[in-house]
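give me a model of this one.
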Amino acid sequence: MTRSIDTAMPENRENSLSGRPQGNDSGYFITLPSPVGGDDHLHLAVNVSDRTVLVDHESVLSVEPGDLVITGARRPALRTGGEVGLALFRVPFSLLDASAADLRKVPHTHLSGRSGLASLVSQFLTALARTPGRERLAGGQRLALNTADLVALLVDKVLQEQRPACAGAGHDMLVRIQSHIEDNLTDPDLSPESIARAHHISVRYLHKLFQAGGTTVGAWIRQRRLDACRAELRRQRRTVASVAHTWGFVSPSHFSRLFRQTYGLSPRQWQAAASSDS
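So this is what the prediction gives:
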């Protein structure tokens, strides 16, 4: 018997993890809440059964117990042979530390759940899928955010592995520059000029390195700062202005506008949503 699974489903607006059975089998949809209405989602399936499941998308995958299938497609559909033993998770893009453009490029990727980070994610999500719905709901926003953080680590690994190898020297230089930026995000004077000077390259060459990856130096710095502020706002009870200043934003009002444009909520709204279940 073949079952089709369409991952489109009504949005859940509660600050918690929700799920429902898929038919009369062991498959579940589990949706992490999005603080931004209409957010795109990453879809992740875990084989929670004790048997191999055949998954047919563009090719047939033999998904062993504990294996994962991940995709950033807007509306992916999976066809499985036999009884479905998949737990299906939807994670809002806004909860992952990557751009929506990068996440949409993630193809159907099959990951072995036997070792490494994928094994850790698989074990956590399998346990979560087997947790009664009432207990998942009781975990609220905190459980959802912790789940998203773990999935974000896996997504980052997938994206890193799928990026084409750049010309050796250029790629190595870009990695060093990105590490330098991460170490200096709190410096309000961080700029293309200061970065180029620190690495003894021209500003023009610096821009060329980032353009090869489909972004700009300024956009990359801004997004990393926003991601850092978002993470801090949901975990600490500091003022918005204080957090913005810590991460290199000179103007709190400018920061608030950028935050709303990026995540669909003001920093205060995001902080309030994150603390509602604390």
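
surely Thr52 meets Gly85?
No. With contacts counted by Cβ atoms under 8 Å, Thr52 stays clear of Gly85, the gap being 9.1 Å. Quick note: C-beta positions are derived from backbone N, CA and C, even for glycine.

those two: who's more crowded?
Legend: neighbour count by other Cβ atoms under 10 Å for Thr52 and Gly85, higher for Gly85 (20 against 14).

surely that one meets Arg51?
Yes. Between Gly85 and Arg51 there is a contact under Cβ under 8 Å: 6.5 Å.

next, give phi and psi for the closest residue to Ala129 other than its chain neighbours.
Distances taken as Cβ to Cβ, 6 or more residues apart in numbering place Ala87 nearest to Ala129, at 3.5 Å, with adjacent residues excluded. The phi/psi pair for Ala87 (degrees, to the nearest 10) reads phi -100, psi 120.

where does the prediction get shaky in the stretch 51-200 of the chain?
Applying pLDDT under 70 to the stretch 51-200 of the chain flags the ranges 53-60, 74-84, 97, 99-101, 133-141, 162-169.

now the strands for this structure?
Remark: strands assigned in the chain by DSSP state E are 2-6, 18-21, 28-31, 41-47, 53-56, 60-63, 68-71, 77-81, 86-92, 109-111.

quick one: buried residues of the last one?
Yep, that's strand 109-111 we're talking about. With burial defined by 16 or more other Cβ atoms under 10 Å, the residues of strand 109-111 counted as buried are Thr109, His110, Leu111.

what's that strand in contact with?
Applying Cβ atoms under 8 Å, 6 or more residues apart in numbering, the contact partners of strand 109-111 are Val55, Leu61, Val63, Asp67, Leu68, Val69, Ile70, Thr71, Ala118, Leu154, Val158, Gln162.

Gly170 and Gly213, how far apart?
Separation of Gly170 from Gly213 (Cβ to Cβ, to the nearest Å): 10 Å.

related to what we said a few turns ago, so the residue nearest to Ala129 touches Ala45, yeah?
Yes. Counting by Cβ under 8 Å, Ala87 sits close enough to Ala45 to count as a contact (7.0 Å).

more neighbours: those two, which one.
Comparing Ala87 with Ala45 by neighbour count (other Cβ under 10 Å), the higher total belongs to Ala45, at 28 against 25.

who are the neighbours in contact with that one?
Applying Cβ under 8 Å, 6+ apart, we find Ala45 in contact with Val55, Val63, Leu68, Val69, Ile70, Leu78, Leu86, Ala87, Leu88, Phe89.

hmm, Arg176 is touching Ala198, no?
No. Using Cβ under 8 Å, Arg176 is not in contact with Ala198, being 9.6 Å away.

what's the overlap in contacts for these two?
Listed as contacting both Arg176 and Ala198 by Cβ under 8 Å, 6+ apart is no residue at all.

got the contact list for Ser112?
Listed by Cβ under 8 Å, 6+ apart, the contact partners of Ser112 are Glu64, Asp67, Ala118.

and the residue lying closest to the last one once chain neighbours are set aside, how far from Gly170?
Looking back up the chat, that one is Ala118. Nearest non-adjacent residue to Ala118, counting by Cβ to Cβ, 6+ apart: Leu111, 4.4 Å away. Here the criterion is Cβ to Cβ. By it, Leu111 lies 28 Å from Gly170.

now swap in Gln123 and tell me
Gln123 sits 38 Å away from Gly170, going by Cβ to Cβ.

how's this structure carved up into domains?
Domain ranges of the chain: 2-162, 168-275, per automatic domain parsing.

name whatever forms a beta bridge with the residue nearest to Ala118.
Note on Leu111: beta-bridge partners by DSSP bridges are Leu68.
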